[in-house]
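Sequence first, predicted model second:
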Amino acid sequence: QVQLVESGGGSVQPGGSLRLSCSASERTLGNTYMAWFRQAPGKEREFVAGISGVGISDYVDSVKGRFSISRDKSTVYLQMNSLKPEDTAVYYCARSPFPYISTGVSEYRDWGQGTQVTASS
């Protein structure tokens with residue numbers, strides 16, 4: 001089982017930017033689909049963005065045009081711009097067992113510990 005470690009969370013004012021990183025314990029992520037989820041207090045965990053092994057990306061509508069996901073051999077990144085208060089949540093990195101898009105929480109077995117992102121004035 002791969003270990004995933006997130007970093008880069010923090011607190012910014014609305015309109016600010018953060019870059020999250022997710023490092024894998026394995027030397028390579030291979031061709032698996034990688035994703036970022038988030039969970040706000042009192043809400044269910046939701047899919048935010050994902051990227052396939054060949055670089056095809058997917059986003060939830062609420063972050064399109066503001067967030068950008070990318071990956072290299074062993075790390076996945078989430079660049080978050082124009083942050084809004086409603087983006088405040090714990091962000092989790094996850095690895096799908098499949099090479100194609102997966103947006104359901106139950107489809108993932110490998111999760112990071114989460115990193116807090118807060119956008120507040």
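Received the coordinates, thanks.

Identify the residue nearest the geometric centre of this protein.
Nearest residue to the geometric centre of the chain (CA atoms, centre = their mean): Trp36, 2.1 Å.

which residues touch that residue?
Neighbour list for Trp36: 20, 22, 48-50, 69, 76, 78, 91-94 [criterion: CB atoms under 8 Å, 6 or more residues apart in numbering]. C-beta: built from backbone N, CA, C; applies to glycine.

Neighbour-wise, which one of the residues you listed leads?
Neighbour counts for these (other CB atoms under 10 Å) peak at Cys93, which has 28 neighbours.

what's the helix or strand for the closest residue to that residue other than its chain neighbours?
Distances taken as CB to CB, 6 or more residues apart in numbering place Cys22 nearest to Cys93, at 3.3 Å, with adjacent residues excluded. For Cys22, the host element (DSSP states H and E) is strand 18-24.

Sheet partners, orientation included, of the helix or strand just after that strand?
As assigned by DSSP H and E, the chain's next helix or strand after strand 18-24 is strand 34-39. The pairing partners recorded for strand 34-39 under DSSP bridges are strand 46-51 (antiparallel), strand 89-95 (antiparallel).
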